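**Q** missing the sequence, but the structure's below:
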């Protein structure tokens, strides 16, 4: 195998596990409705229908109720392939090792862009491909959810310094 040119570098973009959990709820459950058939027996379908109405907003109480149901069915959700990119720890996708890899948090995309442009000696654009579902900007994870996320993503917290 030929040597790697000196201007090459390996990198990974990571996201805070709590933000990933919110993203899973917002995108996969509330926007794409992927969980309705998996969770029909615990009432998520009713909540999703209510929150999918035109102009619906997600209150903290509604989110807490929905999230509690997601947590109750986590094993089922985590085994569904459509959720893997949101539900599995990031270290799973990274391969468990960060050897000589530069880690960028999603908030550091401009820094990554600058590094890539410096390495490639050309203009590079980084685009956000998808955003969907109701806004959860005013939503906070309660203590029970924070503990759940910390438990489920312990590898990410340890290796990625969150």
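**A** Nice, thanks for sending it over. Keep in mind the model is a prediction, meaning the values are calculated, not measured.
**Q** any idea which element residue 161 lies in?
**A** Counting by DSSP states H and E, there is no helix or strand that carries residue 161.
**Q** show me where pLDDT drops low in the chain?
**A** Applying pLDDT under 70 to the chain picks out residues 1-7, 35-43, 45, 52-55, 129-133.
**Q** tell me, what residue is most central in it?
**A** residue 20 (2.6 Å; Cα atoms, centre = their mean).
**Q** That one touches residue 85, doesn't it?
**A** No - if you go by Cβ atoms under 8 Å, residue 20 and residue 85 don't touch, sitting 9.6 Å apart. Every residue, glycine included, has its C-beta placed from N, CA and C.
**Q** Which residue ranges of this protein form helices?
**A** Counting by DSSP state H, the chain has helices at residues 17-23, 36-39, 44-51, 60-72, 74-79, 84-87, 90-94, 109-120, 143-152, 154-159.
**Q** Indicate which one of these is closest to residue 30.
**A** Residue 30 sits nearest to helix 44-51 of all those, at 5.6 Å, using Cβ to Cβ.
**Q** Determine how far stretch 108-126 lies from the middle of the whole chain.
**A** 23 Å (Cα atoms, centre = their mean, to the nearest Å).
**Q** Pull out the buried residues from that stretch.
**A** Within stretch 108-126, the residues that count as buried by 16 or more other Cβ atoms under 10 Å are 112, 115.
**Q** neighbouring contacts of that stretch?
**A** For stretch 108-126, contacts defined as Cβ atoms under 8 Å, 6 or more residues apart in numbering pick out 7-9, 11, 13, 102, 104.
**Q** Kindly report the same for stretch 144-152.
**A** Contacts for stretch 144-152 (Cβ under 8 Å, 6+ apart): 17-18, 21, 64, 67-68, 71, 74, 89, 141, 157.
**Q** Can you say which of those are buried?
**A** 17-18, 21, 64, 67, 89, 141, 157.
**Q** what's the farthest-apart pair in the residues you listed?
**A** Spanning the widest gap among these are 64 and 89, at 23.5 Å by Cβ to Cβ.
**Q** separation between the closest residue to residue 19 other than its chain neighbours and residue 17?
**A** Leaving aside its sequence neighbours, residue 19 sits nearest to residue 106 (Cβ to Cβ, 6 or more residues apart in numbering; 7.7 Å). Note on residue 106: its distance to residue 17, by Cβ to Cβ, to the nearest Å, is 12 Å.
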